[in-house]
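> Take this sequence and fold it.
(chains A and B)
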Amino acid sequence: MSTPYPTSPRWSDIKEGDELPPFDLVLTASVIVAGAIASRDFMPVHHDRSFANAQGAPDIFMNILTTNGYVSRFITDWAGPEAMLEKISIRLGAPACPDDTMRFTGSVIRTERRGDQGVVEVALQGVNRFGAHVTGTAVLTLPAD
Amino acid sequence: MTDEASAQLQARLEECIGQPTGKGGPSFGPDEVNLPMIRHWVDAMSDHNPVYLDDEFAATTRFGGIVAPPAMLQTWTMGRPTIQGLRERGGAPSEVGSSMLSILDEAGYKSIVATNSELEFERYLRLGDQLHATTVFESVSDEKTTGRGTGYFVTWVTTYFDADDVVVGRQRFRVFKFKPATATGQTS
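Numbering: from 1, shown residues only, chains lettered A, B, ... in the order given. Reported below is the predicted structural model:
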């Protein structure tokens, strides 16, 4: 028997100001390259350090598809398998490079019933040693109860 | 740049608004939405949401079956890369035309940094969905100076369609195309 899957919180229990469990992403070259290739982004700045150095970057850095992937994961690790993302709106700042840790934090800024759907908006950020890599909002729905 | 040259550049950039970013025509993904690519993504991100891989569990959720991770949207229409010669092409995975960015390159605004991404999902994708996408320039700013340098904010929107030409999602993408404030390396 496999481990039981996480469940989604009840929408009616989610309140403005609720904080999402923080998520510390250990950044390694493997993490950055795995994300770039799984998202089919072959730009060498995401996998080739000497190319990245020649471009003036200190190291390879995370591609935006992977950033969106981790934002999505950060949201659904909390909101569970019934969550459906409607929007991820992010501002990009500092690069995410190997040999670092990036901490994702977020909190609920809005809830609203829309028919049989419960809408939740979350403000979030991912911060590493250079500062805020990603800042933004995500909108998701859960079945309203 | 003189005021006149600056006005001419602005006019050329604004002519690109509403035009396709590439050679025109939609881009088609090489593969339909499929389990091996989802598994590759899920493993890369250590994302254990069971609706992406466990059909039996997914059938009990609102989705009624496996769905693709929503952030994979753009992944489905990424072209096949040509790895040989990647460095020689300056890192472009394939040859692409890009009118507004080429104009800015020629005008000396050679550096680029992504500043914003907005993803919207109309529905989650299912195994077998075959996507195509069209991308058009949406807007260009006036010349701006930021901490990075002087340049233009360029925004384009990619719209993703399923095989029935129904919109499944959108991505709005903004970059700053600029001359660096301090000349460093090859970016000046």
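> now the helices for the chain?
Let's take chain A. Applying DSSP state H to chain A gives helices spanning A:29-38, A:49-54, A:64-79.
> my bad, chain B
Secondary structure of chain B by DSSP H: the helices cover B:3-15, B:35-45, B:55-58, B:99-106.
> closest one to A:Phe130 among those helices?
helix B:35-45 (21.1 Å; Cβ to Cβ). From N, CA and C alone the C-beta is placed, and that goes for glycine too.
> Tell me the buried residues in the closest one?
B:Met37, B:Ile38, B:His40, B:Trp41, B:Val42, B:Ala44, B:Met45 (16 or more other Cβ atoms under 10 Å in any protein chain shown).
> among the helices of chain A, which is the most enclosed?
Most buried of the helices of chain A by mean neighbour count (mean count of other Cβ atoms under 10 Å in any protein chain shown) is helix A:64-79; its value is a mean of 24.
> Could I get the average pLDDT for it?
The average pLDDT within helix A:64-79 is 97.
> what's around B:Asp164, how many residues?
For B:Asp164, the count of nearby residues is 7 (other Cβ atoms under 10 Å in any protein chain shown).
> next one: A:Glu82
19.
> contacting residues for it?
By Cβ atoms under 8 Å, 6 or more residues apart in numbering or on different chains, the contact set of A:Glu82 is A:Thr7, A:Ser8, A:Leu142, A:Pro143, B:Thr61, B:Arg62.
> Grab the nearest non-local neighbour of it.
Nearest non-adjacent residue to A:Glu82, counting by Cβ to Cβ, 6 or more residues apart in numbering or on different chains: A:Ser8, 3.9 Å away.
> can you pull the contacts of A:Arg110?
Contacts of A:Arg110 (Cβ under 8 Å, 6+ apart): A:Glu16, A:Val119, A:Val120, A:Glu121.
> and with 10 Å instead?
If a contact means Cβ atoms under 10 Å, 6 or more residues apart in numbering or on different chains, then A:Arg110 has A:Glu16, A:Val119, A:Val120, A:Glu121, A:Val122, A:Ala123, A:Thr137, A:Val139 as its contacts.
> could I get these as CSV with neighbour count, pLDDT and distance to chain B?
Below are the contacts of A:Arg110 laid out as CSV (neighbours: other Cβ atoms under 10 Å in any protein chain shown; pLDDT from 0 to 100; distance: Cβ to the nearest Cβ, whole Å):
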residue, neighbour count, pLDDT, distance to chain B
A:Glu16, 11, 98, 22
A:Val119, 16, 98, 14
A:Val120, 25, 98, 15
A:Glu121, 17, 98, 14
A:Val122, 24, 98, 14
A:Ala123, 15, 98, 15
A:Thr137, 18, 98, 10
A:Val139, 19, 98, 9
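> What's the separation between B:Val113 and chain A?
8 Å (Cβ to the nearest Cβ, to the nearest Å).
> Setting aside sequence neighbours, what's the nearest residue to that residue?
In space, B:Val113 is closest to B:Phe176, 5.2 Å off (Cβ to Cβ, 6+ apart).
> quick one: that neighbour and B:Val140 touch, right?
No - using Cβ atoms under 10 Å, B:Phe176 is not in contact with B:Val140, being 11.2 Å away.
> Mutual contacts of those two, please.
B:Tyr152, B:Phe153, B:Val154.
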